[in-house]
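Asker: Please work out how this folds:
(one chain, ligands or ions: 1)
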Amino acid sequence: MFDITIIGAGVVGSMIARTLSKYKLNILVLEKENDVGNGASSANSAIIHSGYDPEPGSLKARLNVRGNYLFDKVAEELDVEFMRIGSITLANNQEEVEILESLVERAALNGVCVKVLNHDELKTIEPSITDKVIKGLLAPTCGIINPFELVVAAMENAIDNGVKLHLCEEVTSIVKQESGFIVNTNKNSYETKYVINCAGVYSDKINEMVNKKSFTIKPRRGEYFVLDHFDNNYVRHVLFNVPSSKGKGVLVSPTTHYNYLVGPSSEYIDDKEDVSTDKETLDNVKQKAYSLVDNLRLDKQIRIFSGIRAVSDTGDFVIEEVIPYFINVAGIQSPGLASSPAIAEMVEEMIKGKELKEDYNPYRKPLPRLNKKTIEEKIALCKTNPLYGNIICRCEKISEGEIVDAIRRNCGATTVKGVKKRVRPGFGKCQGGFCEASVMKILARELGCDIKQIVYGKENAYILKEGTKGE
Ligand SMILES: Cc1cc2nc3c(=O)[nH]c(=O)nc-3n(C[C@H](O)[C@H](O)[C@H](O)COP(=O)(O)OP(=O)(O)OC[C@H]3O[C@@H](n4cnc5c(N)ncnc54)[C@H](O)[C@@H]3O)c2cc1C
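Answerer: Residues are numbered from 1 along each chain as shown. Predicted coordinates for the structure are as follows:
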């Protein structure tokens, strides 16, 4: 019997698992995909929002501000890339200036420090902005994070502290017992005292397996352009449009690896799995981004992608113990990434009768990160393991040693996309054109399987049908 079963290994389920792993609890995480963080948690803007924007008094406002505050410690303990670069929300006309001023009041109510700057002040700290910008709202506590790393790191740390992760197990039904629940998956049945529902866009369906329908999740897609890294100073802050009656607008932002993100769009869709993109929507994203920066370098575009927000019809996060021992953590749309450590704290408080472990370790074993090392450190590392001297991804300069490490860790990569999310081969200009075959060979060798069994991302997404070049 498990004390706690968490459904869904996105950032929310993984952060909750990690937080609860400091207690003497038998914890199981069930994830339907073949890797952690394959939902919204790996297809978002990667912004640790400051928290000036959510409706004052809402869960979103409270948990965003608290989550943002917690991120320095979380990122340090988990060895995740995080940079507090600040955000600027840019107003291009009088109507937008008025909205900006109302955001200042909101920021004060939410307890977030912001400052309004005029055009000249903005131009000195962010030369890329357009001449049309009249004023901007600077929020210095806003940060950017590597969202792929965050989920993997949180789960890795949770597993190190005793949590069990079962991938490729989709929860199909839940039966309420006199004490606790039976959770049925496509493979097994588990007895558990608590159920914590962190199933993203499917959290309404999971809730309805046991409870009356009390909220609905509507999927809302966001589409992006990704630009190659070409100039670390092209855009220095997260630049937002002013939210208006016409919508939330888009952002132009550096990533922790100095790629740049342009997007997202915002459209309700019917299919919870539909991560397609379309030209008309992306053209609209482009138009909005032109009002932020003068020289929108779409010539540097290397990829387009989309992610799906789990929007609750309640208008706020749904975090509640809806019946004894069944906790919904649902409708976690933006700012869910930024709020995730605070969401985990809130759920921690809901768990009764827990006792701290003596041997809990909040630190994850650091990554080798060859790119961040001096030449002397690189040479020393290669002496311990020559695989660190074999560069596999030339665009991102990732060595075989780092890829092997990403596969061998607990919660290790088993797919090409899993390796990409953890250590970045395939994120560069060639998008895997040169390194993908080598990554596949390394995966097959490390996992002890035939190369034809290696999939790109999803189960059954095979890359090879038969041997190549006589192999
Ligand atoms: C376009 C976009 C931009 C965003 N930008 C930001 C941002 O900049 N900053 C920010 O703070 N937030 C942002 N967000 C929001 C943030 O990404 C989400 O709030 C967060 O990722 C939600 O995490 P989650 O774990 O709840 O959901 P998910 O990551 O979707 O995880 C849910 C998991 O549950 C699993 N699951 C579902 N059903 C079952 C089942 N039956 N059995 C087992 N497993 C199941 C899924 O496979 C999935 O892995 C953005 C979101 C989107 C889509």
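
Asker: Would you check how far apart residue 191 and the ligand are?
Answerer: 17 Å (CB to the nearest ligand atom, to the nearest Å). Bear in mind the C-beta positions are built from the backbone N, C-alpha and C, glycine included.

Asker: Quick one, grab the pLDDT at that residue.
Answerer: pLDDT recorded at residue 191 is 98.

Asker: Once you drop chain neighbours, what's closest to it?
Answerer: Leaving aside its chain neighbours, residue 191 sits nearest to residue 1 (4.5 Å; criterion: CB to CB, 6 or more residues apart in numbering).

Asker: Which residues are in contact with that neighbour?
Answerer: 26, 180, 191-193 (CB atoms under 8 Å, 6 or more residues apart in numbering).

Asker: neighbours around the spatially closest residue to residue 139 that is not a sequence neighbour, how many?
Answerer: In this structure, residue 139 finds its nearest non-sequential neighbour in residue 50, 3.9 Å apart by CB to CB, 6+ apart. For residue 50, the number of neighbouring residues by other CB atoms under 10 Å comes to 28.

Asker: same question, the one 10 residues further on
Answerer: As a burial measure, the neighbour count of residue 60 was computed by other CB under 10 Å and equals 26.

Asker: Residue 13 now?
Answerer: 33.

Asker: Would you check that the residue nearest to residue 139 makes contact with residue 144?
Answerer: No. Using CB atoms under 8 Å, residue 50 is not in contact with residue 144; the gap is 11.9 Å.

Asker: do stretch 269-277 and the ligand meet at all?
Answerer: No. Using CB under 6 Å from any ligand atom, we find that stretch 269-277 stays clear of the ligand, coming within 9.1 Å at best.

Asker: Quick check: buried residues in that stretch?
Answerer: 272, 275, 277 (16 or more other CB atoms under 10 Å).

Asker: Return the subset of the residues you listed lying in strands.
Answerer: Judged by DSSP state E, strands contain none of the buried residues of stretch 269-277.

Asker: Tell me the pLDDT of the residue nearest to residue 191.
Answerer: pLDDT, read off for residue 1, is 95.

Asker: For residue 221, pull up the helix or strand it's in.
Answerer: strand 217-227 (DSSP states H and E).

Asker: The next helix-or-strand element following that strand pairs with which strands, parallel or anti?
Answerer: Note on strand 217-227: by DSSP H and E, the next helix or strand toward the C-terminus is strand 238-241. Sheet pairing of strand 238-241 (DSSP bridges) gives strand 87-91 (parallel), strand 251-254 (antiparallel).

Asker: Most tightly packed of those?
Answerer: Highest mean neighbour count of the strands paired with strand 238-241: strand 87-91, a mean of 26 (counted as mean count of other CB atoms under 10 Å).

Asker: mind checking how far it is from the chain centre?
Answerer: 23 Å (CA atoms, centre = their mean, to the nearest Å).

Asker: Tell me the first helix or strand C-terminal of that strand.
Answerer: Following strand 87-91 toward the C-terminus (DSSP H and E): helix 94-110.

Asker: Mind listing what's buried along that next one?
Answerer: Result for helix 94-110 [16+ other CB under 10 Å]: buried residues 96, 100, 103, 106-107, 110.

Asker: Stretch 213-231 now?
Answerer: Those would be 214-215, 217-229, for stretch 213-231 by 16+ other CB under 10 Å.

Asker: In PDB, list the C-alpha atoms belonging to that stretch.
Answerer: Extracted C-alpha coordinates of stretch 213-231, given in PDB (Å, rounded to 0.1, in the frame of the first residue of the first chain):
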ATOM      1  CA  LYS A 213     -17.700  17.300 -12.000                       C
ATOM      2  CA  SER A 214     -16.700  20.600 -10.400                       C
ATOM      3  CA  PHE A 215     -14.500  22.100 -13.000                       C
ATOM      4  CA  THR A 216     -13.600  21.700 -16.700                       C
ATOM      5  CA  ILE A 217     -10.200  22.000 -18.300                       C
ATOM      6  CA  LYS A 218     -10.200  23.700 -21.700                       C
ATOM      7  CA  PRO A 219      -7.000  23.200 -23.700                       C
ATOM      8  CA  ARG A 220      -5.500  26.500 -25.000                       C
ATOM      9  CA  ARG A 221      -2.600  26.300 -27.400                       C
ATOM     10  CA  GLY A 222       0.400  28.600 -27.600                       C
ATOM     11  CA  GLU A 223       2.600  28.600 -30.700                       C
ATOM     12  CA  TYR A 224       6.200  29.900 -30.800                       C
ATOM     13  CA  PHE A 225       9.300  30.600 -32.900                       C
ATOM     14  CA  VAL A 226      12.700  29.600 -31.500                       C
ATOM     15  CA  LEU A 227      15.700  31.700 -32.700                       C
ATOM     16  CA  ASP A 228      19.200  30.400 -32.800                       C
ATOM     17  CA  HIS A 229      21.800  31.900 -30.300                       C
ATOM     18  CA  PHE A 230      23.600  34.700 -32.200                       C
ATOM     19  CA  ASP A 231      24.200  37.600 -29.800                       C
END
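
Asker: Ramachandran angles for residue 160?
Answerer: Main-chain torsions, residue 160, degrees, to the nearest 10: phi -60, psi -30.

Asker: To clarify, my last question referred to residue 4.
Answerer: phi -140, psi 130.

Asker: Next up, the contacts around it.
Answerer: 20, 25-28, 192-194, 196, 351.

Asker: and stretch 234-248, how far out from the chain's middle?
Answerer: For stretch 234-248, the distance to the chain centre is 20 Å (CA atoms, centre = their mean).

Asker: do that stretch and the ligand meet?
Answerer: No. If you take CB under 6 Å from any ligand atom as the test, stretch 234-248 misses the ligand, and the best it gets is 8.5 Å.

Asker: Need phi/psi at the single nearest residue of the stretch 201-350 of the chain relative to the ligand.
Answerer: Closest to the ligand within the stretch 201-350 of the chain is residue 336: 1.9 Å, counting by CB to the nearest ligand atom. Here is the backbone geometry of residue 336 (degrees, to the nearest 10): phi -70, psi -40.

Asker: Quickly note the distance from the residue lying closest to it once chain neighbours are set aside to residue 461.
Answerer: Closest residue to residue 336 apart from its sequence neighbours, by CB to CB, 6+ apart: residue 12 at 6.4 Å. Separation of residue 12 from residue 461 (CB to CB, to the nearest Å): 25 Å.

Asker: what residues does this structure put near the ligand?
Answerer: Residues of the chain lying near the ligand (CB under 6 Å from any ligand atom): 7-13, 30-33, 38-41, 43-47, 49, 170-171, 198-200, 202, 222, 264, 307-309, 332-338.

Asker: Show me those that map onto helices.
Answerer: 11-13, 336-338 (DSSP state H).
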